[in-house]
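A.B. asks: Structure of the sequence below:
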Amino acid sequence: MHVGMAAVFQNMGRALSDHQIYLNELALADMAEPLGFESIRSVEHHFTDYTMCPDVVQFLSYMAGRTRHVRLGSMVVVLPWHDPMRVAEQISMLDHLSGGRMILGLGRGAGKVEFDGFRLDMGDSRETFVEYGEALLRGLETGIMEYDGKHYRQPPTPIRPAPWKSFRGRSYAAAVSPESARIMARLGVGLLIIPQKPWREVEKELTEYNQLYREINGTDAPQPISAGWIFVDESAERAREMAMRYIGGYYRTVLDHYQFAGAHMKNQRGYEYYAKMNEKLAVYGDEKAIEFFADLQVYGTPEQVHEKIMTIHRQTRNSGFVGVFSYAGMPHEEAARNMRLFAGKVMPALKAFDAGAAIDRSHALPDLRYAVAAE
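C.D. replies: Next up is the predicted model:
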């Protein structure tokens with residue numbers, strides 16, 4: 001199984017300066033390759049303390065120069081916020097700079113504060129993502145960006161430096177709503193799974209996605225990649241206590257950033273799935289949602305963490321797992337300890353595991369109560 005780490009640059013409550021947050025997160029990213037992680041990733045967000053990596057490709061380009069072998073993943077570039085021509089150039093350039101180590105991850109976004117900040121209509125995001133995604137993925141294969149759609153028109157223009165390796169098999173997209181999973185099948189990309197809803201719901205959508213992918217593309221879909229928030233400790237009691245504090249604290253920032261309980265989510269065009277989440281938040285409240293999210297993530301002793309990741313694999317057949325080790329104001333020393341213990345006690349067995357082998361589903365994760373998600 002491929003094992004990666006993600007730096008998210010979160011500054012909850014601004015307890016530290018943004019500069020110090022960057023120093024801390026870059027220090028963790030520098031640890032990744034020596035510890036044996038196989039990829040370094042980050043996710044694009046703007047304008048709030050939630051996460052502060054507004055340009056994922058720029059961060060990965062910096063890490064490309066500081067590493068030799070580790071792969072570099074965008075988790076994700078949010079396409080509706082960019083000109084697809086510029087994204088194509090940036091991705092191709094990073095792939096050249098890194099010797100072909102780029103893993104392309106795409107998403108459409110769900111944060112009203114971010115769409116408002118870019119003066120964009122959230123209601124157009126699904127159509128825009130499809131058009132931008134079709135143009136980008138085709139352009140990276142042909143070397144020519146060309147599209148004539150409702151939201152995007154691009155006369156034939158070469159990408160320079162020209163893409164030199166295919167991105168097929170190394171392109172993924174985050175999909176939370178069932179509609180998005182179907183879109184990703186049509187685009188021919190793999191899925192990035194961030195645990196946020198009942199596992200049986202995820203499994204059902206993966207089955208539908210895999211069937212549709214095969215019908216459209218004539219081949220099996222790539223195995224998904226799963227990500228998760230990690231807290232590992234030799235003490236099971238301390239691991240749970242810290243998970244509730246920090247993973248739970250992280251999910252509070254999700255609720256704040258995405259405003260899932262806001263009135264705008266009830267009737268937002270293109271986000272019908274999120275209206276259901278809005279209703280569930282009204283019924284269950286923030287505390288239940290936070291507890292639910294924390295229990296979906298990966299915490300415990302090294303043995304418990306390994307077993308939970310393997311259970312996720314039995315449920316999703318993921319080929320890779322990406323851990324987030326620093327979040328929600330966790331002290332940097334604690335985050336570094338967290339990452340080192342995972343690398344020393346959990347990662348070797350994961351990397352030795354054949355993720356493409358047949359799966360025994362007899363120990364799959366139980367269904368849980370409700371879902372509150374971010375895309």
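
A.B. asks: Can you give me the neighbour number for His2?
C.D. replies: 18 (other C-beta atoms under 10 Å). No exception for glycine: its C-beta is placed from N, CA and C like everyone else's.

A.B. asks: for Glu134, same thing?
C.D. replies: 17.

A.B. asks: and it, what is it in contact with?
C.D. replies: 147, 149, 187 (C-beta atoms under 8 Å, 6 or more residues apart in numbering).

A.B. asks: cool, and Ala135?
C.D. replies: Counting by C-beta under 8 Å, 6+ apart, Ala135 has contacts 84, 145-147, 149, 152, 154.

A.B. asks: Check Gly249 too.
C.D. replies: Contact partners of Gly249, counting by C-beta under 8 Å, 6+ apart, are 12, 327-329.

A.B. asks: hmm, try it at 6 Å
C.D. replies: Ala328 (C-beta atoms under 6 Å, 6 or more residues apart in numbering).

A.B. asks: Surely it forms part of a strand?
C.D. replies: No - counting by DSSP: H, G, I helix; E, B strand; the rest coil, one finds Gly249 to be helix, located in no strand.

A.B. asks: Generate a PyMOL selection restricted to the buried entries among the contacts of Glu134.
C.D. replies: A single PyMOL command is used to select the members of the contacts of Glu134 judged buried by 16 or more other C-beta atoms under 10 Å:
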select buried, resi 147+187
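
A.B. asks: just the strands in the protein please.
C.D. replies: 2-6, 39-42, 71-74, 77-78, 102-107, 144-148, 153-158, 171-174, 190-193, 225-232, 298-300, 320-324 (DSSP state E).

A.B. asks: Make TSV out of these and add mean pLDDT.
C.D. replies: Shown next, in TSV, are these (pLDDT from 0 to 100):
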stretch	mean pLDDT
strand 2-6	98
strand 39-42	98
strand 71-74	98
strand 77-78	97
strand 102-107	97
strand 144-148	98
strand 153-158	98
strand 171-174	94
strand 190-193	95
strand 225-232	97
strand 298-300	98
strand 320-324	98
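
A.B. asks: Show me the shaky parts of the chain.
C.D. replies: 277-278, 358-375 (pLDDT under 70).

A.B. asks: Looking at it, which helix is longest?
C.D. replies: helix 272-296 (DSSP state H).
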